[in-house]
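>>> predicted model and sequence below, questions to follow.
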Amino acid sequence: MKKIIFSITMLFFVFAAIAQEQKSVVITGKVTGDTKGYNNILYYTNGTPVDSVAIVDGQFTLKVPFSTTFTQLFFTQYDMKVKRGYRPFPLLIDGSGNISLEMNIEEGFFGAKVSGAKTTVLFNNFLKQQGDVNKKISDELANNKLASRDSLSKIYMETMVMDFVKQNKNEYVGVYVLSGQGRGTLSADKLEMMYNQLSPEMQKTNDGEKLAAYIRGVKGSKTGSIVKNFVLNDPSGKPFSFDQLKGKYVWIDFWASWCGPCKQAFPKMREIYAKYSGMNFEILGISADAKIEPWLKILETIKNPWPQVWDSKNVMSEFAVTAFPTSFLIGPDGKIILKEVGFDPNGKGEIEKKLEEIFNKK
């Protein structure tokens, strides 16, 4: 009897594992219009190679695995060959199931009708609203030479994003749009106001928590703000606390192994480090690499002499870092002296100028 129970238990886990492995999304499309022989639909996600599926008798079907929320991107062979260019069309997918599209090949994916999964449909509605706003802005610019795109975008895009988030405050697509388009459109105060309107459930999602960290970062990374202690691991896996550097001038350098300008800055940074390293000064490199392996590999070749840690806790959000390299100069009292985005290895950046000012006085 025990053997039978054990076997049944094992079968349960096997079937559960198979069911988990088999989670997928089936995307079907109906295509009208003359493809001129260019019948391939191309698709990919960020970080994966482009794959394709053929349009056969005006239809295509593809099945993609699902494990976590992702954005599937599409374009057509017709766009590439006939229109000589393409704009990736995103489908936001937050669960397994079926999604259907109906489109005319000349209009492309952005003119398609999308049905099926709720989140996918809602996000497609947002894209259409965004397209309408962009057209409205372009029309007004054509008729009013004194208007600027930035001012019109602030009026129309900001209103559209806020209205959409209000209408979808209980839906995942609401926090997704707010953390994406909202972050690039709204002021920090309005971003926080809209975040507070999200349901508690949406605030607790991964996107919601990252957005909250970003809002804290915008507030906390202003000149004069005190940097809160954080602990990240060094290359050997040993915890490194920012508090270890209290009492020093600290240059925090947010960088990544894939960032060309970051690596171009290192020779000049090494010169600066050699000049001030004995003068109550330190540099702390914080890697924003998504995976630890590329970071560990490049450290072997760049051999920067200052402490290095890997941002496994999304500390960069607490500093509102959105581009690389981004640097902060911190005073001995823990307060932010200044922020610098980018680095000119041939000229004197703001941090280098400030260090000269500080240490020449001494």
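Structure's in. What do you need?

>>> mind listing what L73 touches?
Y43, Y44, T45, N46, P88, F89, P90, L91 (Cβ atoms under 8 Å, 6 or more residues apart in numbering). (C-beta placed from N, C-alpha, C; glycine too.)

>>> just K348 next, same as before
Each residue near K348 by Cβ under 8 Å, 6+ apart is listed here: E356.

>>> likewise for L42?
For L42, counting by Cβ under 8 Å, 6+ apart, the contacting residues are V50, D51, S52, F74, F75, T76, Q77.

>>> hey, where'd the helices end up in the stretch 201-350 of the chain?
With DSSP state H, counting those that start in this stretch as the criterion, the stretch 201-350 of the chain has helices at 206-220, 260-276, 292-302, 315-318, 350-361.

>>> among the contacts of L73, which lie within helices?
Using DSSP state H, the subset of these located in helices is empty.

>>> okay, who's weakest in those residues by pLDDT?
Going through the contacts of L73 one by one, the lowest pLDDT turns up at N46, 84.

>>> surely it is in contact with Q72?
No: the pair formed by N46 and Q72 falls short of the contact definition of Cβ atoms under 8 Å, at 10.1 Å.

>>> which one's more surrounded, the two?
Set side by side, N46 and Q72 give different neighbour counts by other Cβ atoms under 10 Å, the larger being at Q72 (21 against 8).

>>> list the beta-bridge partners for the more buried one.
Judged by DSSP bridges, the bridge partners of Q72 are L91.

>>> what sits against the nearest residue to L245 once chain neighbours are set aside?
Excluding its sequence neighbours, the residue lying closest to L245 (Cβ to Cβ, 6 or more residues apart in numbering) is E282, at 5.5 Å. Listed by Cβ under 8 Å, 6+ apart, the contact partners of E282 are L245, K248, Y249, V250, W251, W306, P307.

>>> so the last one is in contact with G285, correct?
Translated: P307. Yes: contact status for P307 versus G285: in contact at 7.0 Å, counting by Cβ under 8 Å.

>>> how close does the residue most central in space within the chain get to F164?
Centroid check for the chain by Cα atoms, centre = their mean gives G180 as the closest residue, at 7.7 Å. As for G180, its distance to F164 is 12 Å (criterion: Cβ to Cβ, to the nearest Å).

>>> quick revisit: for PyMOL, what selects the buried ones among the contacts of L73?
To isolate the buried subset of these in PyMOL, counting by 16 or more other Cβ atoms under 10 Å, use the following:
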select buried, resi 43+89+90+91
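
>>> give me the number of neighbouring residues for the closest residue to I252 other than its chain neighbours.
In this structure, I252 finds its nearest non-sequential neighbour in F328, 4.5 Å apart by Cβ to Cβ, 6+ apart. Summarising burial for F328: neighbours were counted as other Cβ under 10 Å, giving 23.

>>> what score does F328 have for pLDDT?
Here the pLDDT value assigned to F328 is 97.

>>> please apply the same query to the one 4 residues further on.
Reading off the confidence values, P332 has pLDDT 96.

>>> repeat that for R149.
The model reports R149 with a pLDDT of 86.

>>> report the contact partners of it.
Residues in contact with R149, defined by Cβ under 8 Å, 6+ apart, are I137, L141.

>>> can you rerun that using 10 Å?
N134, I137, S138, E140, L141 (Cβ atoms under 10 Å, 6 or more residues apart in numbering).

>>> G85: how many residues sit nearby?
Residues near G85, counting by other Cβ under 10 Å, number 8.

>>> shouldn't M103 be within a strand?
Yes: using DSSP: H, G, I helix; E, B strand; the rest coil, the assignment for M103 is a strand.

>>> from G29, how far off is it?
Per Cβ to Cβ, M103 is found 7 Å from G29.

>>> what of E140?
Applying Cβ to Cβ, the value for E140 to G29 is 34 Å.

>>> so which of the two has more stuff around it?
G29 (21 against 14).

>>> ok, for the more buried one, nearest residue in space, not its chain neighbours?
Counting by Cβ to Cβ, 6+ apart, G29 lies nearest to L101, which is 4.4 Å off, once chain neighbours are set aside.
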